[in-house]
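**Q** Requesting a structural model of the entry that follows:
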Amino acid sequence: MSSVIAQTRFSVLDRSRTREGHDGPQALRDTVELARRIEGLGYHRFWVSEHHSVPGVAGSAPTVLAAAVAAATSTIRVGTGGVMLPNHQPLVVAEQFGVLESLFPGRIDMGLGRSVGFTDGIRRALGHDKEAVGDFASQLTELLGYFTGDQRAHPQVHAHPAEGLLPPAFVLATGAGAQVAAEAGLPLVITAARGEEEMLRAIDGYRDAFRPSAWGERPYVVISGSVTVADTTEEAERLLVPEAWASAYSRTRGAFPPLAPVDEILALPMNDREWELFEEAGRGHLHGTGDKVTDSLEKLLGRSGADEYLVANSTYERDALLDSYRRLAALVGLPRTGT
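**A** Now for the predicted structure:
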């Protein structure tokens, strides 16, 4: 194993994807069970996501789900990837994470994003519009102030039990997120799916603009993306098929579907546009045999200097998903603690 891989932390993000034949409640239970397995494999942290009114995703309340994950585990860090701050009042977010950090001290991560609901109807239901993303920096400042006691937007308001606690905060780099993270002195989470060169430019800009803070003395970069490992490249590619088709389906029909079995998807009579989107969604992921994935990770981590890789995989077969995580853990030398 190369030194660059050995020096990198590996973690997992799960979006609680629903599967054909299984409902949302089952997807949430699957996430909690996966977290238990991921902890046993030695991963550093386990994060859950926030999506609203998406039929194929059950993870709509990340702090609630994070509490269930933390209660079902004992050592792994647990957090959100992330809470979309424009959808919420900073005081409420501070209180929620204050409760989490109080119940599970030293294990909670506060991953924060700047996205809003993806349709007008969802945004209206949440009480926010597209312009809310422009307030992200000020919302973030207000939120962090509730923890440090330096809260100027509402100086007479205190977030209990958050005040005085400092659960690690991370910014998800959508749009201007990297610049906001740098100015706030927070770790950056950036997706590899945006294209490697664009990602590397954003990381360089973040490092150049970083200002040390109570939340971080130096830049800290987390790359997020899928990494599938199997006996053959073909098997690793099959793991990517359900999510790739769900992406293509959503872009042609406006609805995100549950994950379907691989053979069922490959037998579909796709039109030219669907096939183009399906192939596009399947590109750019790290996948293959152990040797191939090791080589890809070495190159990406070497070029980016990332401190951590947040692996975000989704596929129809849960056993195959867990097997890929197990193979990756062995590949990068994680300290396995359970089954």
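
**Q** can you map out the helices along this protein?
**A** 3-6, 24-40, 62-72, 90-103, 120-126, 136-148, 177-184, 196-209, 233-253, 262-266, 272-281, 290-304, 318-331 (DSSP state H).

**Q** how about JSON lines for those, with mean neighbour count added?
**A** C-beta: built from backbone N, CA, C; applies to glycine. Putting those into JSON lines (neighbours: other C-beta atoms under 10 Å) gives the following:
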{"stretch": "helix 3-6", "mean neighbour count": "13"}
{"stretch": "helix 24-40", "mean neighbour count": "19"}
{"stretch": "helix 62-72", "mean neighbour count": "20"}
{"stretch": "helix 90-103", "mean neighbour count": "20"}
{"stretch": "helix 120-126", "mean neighbour count": "14"}
{"stretch": "helix 136-148", "mean neighbour count": "20"}
{"stretch": "helix 177-184", "mean neighbour count": "22"}
{"stretch": "helix 196-209", "mean neighbour count": "15"}
{"stretch": "helix 233-253", "mean neighbour count": "19"}
{"stretch": "helix 262-266", "mean neighbour count": "15"}
{"stretch": "helix 272-281", "mean neighbour count": "15"}
{"stretch": "helix 290-304", "mean neighbour count": "17"}
{"stretch": "helix 318-331", "mean neighbour count": "18"}
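
**Q** Pick out the shakiest of these, pLDDT-wise.
**A** Lowest mean pLDDT of the helices of the chain: helix 120-126, a mean of 70.

**Q** Pick out the residue closest to the middle of this protein.
**A** residue 81 (3.9 Å; C-alpha atoms, centre = their mean).

**Q** what's the nearest residue to it once chain neighbours are set aside in contact with, if anything?
**A** What sits nearest to residue 81 in space, not counting adjacent residues and going by C-beta to C-beta, 6 or more residues apart in numbering, is residue 47, at 3.7 Å. Residues near residue 47 by C-beta atoms under 8 Å, 6 or more residues apart in numbering: 11-14, 66, 78-82, 109, 111, 310.

**Q** and what of residue 15?
**A** Taking C-beta under 8 Å, 6+ apart as the test, what residue 15 contacts is 48, 49, 51, 57, 59, 312, 314.

**Q** Can you tell me which of the residues you listed has the most neighbours?
**A** Ranked by neighbour count (other C-beta atoms under 10 Å), the contacts of residue 15 have residue 48 at the top, with 29 neighbours.

**Q** which residues touch that residue?
**A** Per C-beta under 8 Å, 6+ apart, neighbours of residue 48: 13-16, 31, 59, 62, 65-66, 69, 79-81.

**Q** One more: residue 207?
**A** Here residue 207 is in contact with 182, 219, 221 (C-beta under 8 Å, 6+ apart).

**Q** For those residues, give me CSV that also has distance to residue 5.
**A** Converted to CSV, the contacts of residue 207 look like this (distance: C-beta to C-beta, whole Å):
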residue, distance to residue 5
182, 26
219, 20
221, 15
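
**Q** what's the closest of those residues to residue 318?
**A** residue 221 (30.2 Å; C-beta to C-beta).

**Q** Make sure the closest one is actually in contact with residue 202.
**A** No. Using C-beta atoms under 8 Å, residue 221 is not in contact with residue 202; the gap is 9.6 Å.

**Q** who touches both of those two?
**A** Common contacts of residue 221 and residue 202 (C-beta under 8 Å, 6+ apart): residue 190.

**Q** Could you give the number of residues near the nearest residue to residue 258 once chain neighbours are set aside?
**A** The shortest distance from residue 258 to any residue other than its chain neighbours is 4.2 Å, reached at residue 18 (C-beta to C-beta, 6+ apart). If you count neighbours by other C-beta under 10 Å, residue 18 ends up with 24.

**Q** what's near enough to touch the nearest residue to residue 280 once chain neighbours are set aside?
**A** Closest residue in space to residue 280, ignoring its immediate chain neighbours: residue 248 at 7.8 Å, by C-beta to C-beta, 6+ apart. Residues in contact with residue 248 (C-beta under 8 Å, 6+ apart) are 270, 274, 277, 278, 280, 281.

**Q** and if you look at residue 69?
**A** 31, 32, 35, 46, 48, 78.

**Q** Switch the residues you listed over to CSV; also include distance to residue 156.
**A** Listed next are the contacts of residue 69 as CSV, based on distance: C-beta to C-beta, whole Å:
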residue, distance to residue 156
31, 39
32, 39
35, 39
46, 37
48, 33
78, 32
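
**Q** Which of those sits closest to residue 289?
**A** Nearest member of the contacts of residue 69 to residue 289, counting by C-beta to C-beta, is residue 46, at 25.6 Å.

**Q** Quick check: pLDDT value at residue 150.
**A** 88.

**Q** ok, now residue 54?
**A** 76.

**Q** Going forward, the N-terminal residue is numbered 676.
**A** Yep, numbering from 676; the last one is residue 729 now.

**Q** Could you find the closest non-adjacent residue to it?
**A** That would be residue 931: by C-beta to C-beta, 6+ apart, it lies 5.0 Å from residue 729.

**Q** The one you found against residue 918, yeah?
**A** No. Residue 931 is beyond contact range of residue 918, at 10.3 Å (criterion: C-beta under 8 Å).

**Q** Residue 968 versus residue 680, what's the distance?
**A** As judged by C-beta to C-beta, to the nearest Å, residue 680 and residue 968 stand 10 Å apart.

**Q** With residue 877 instead?
**A** Taking C-beta to C-beta, one finds residue 877 at 24 Å from residue 968.
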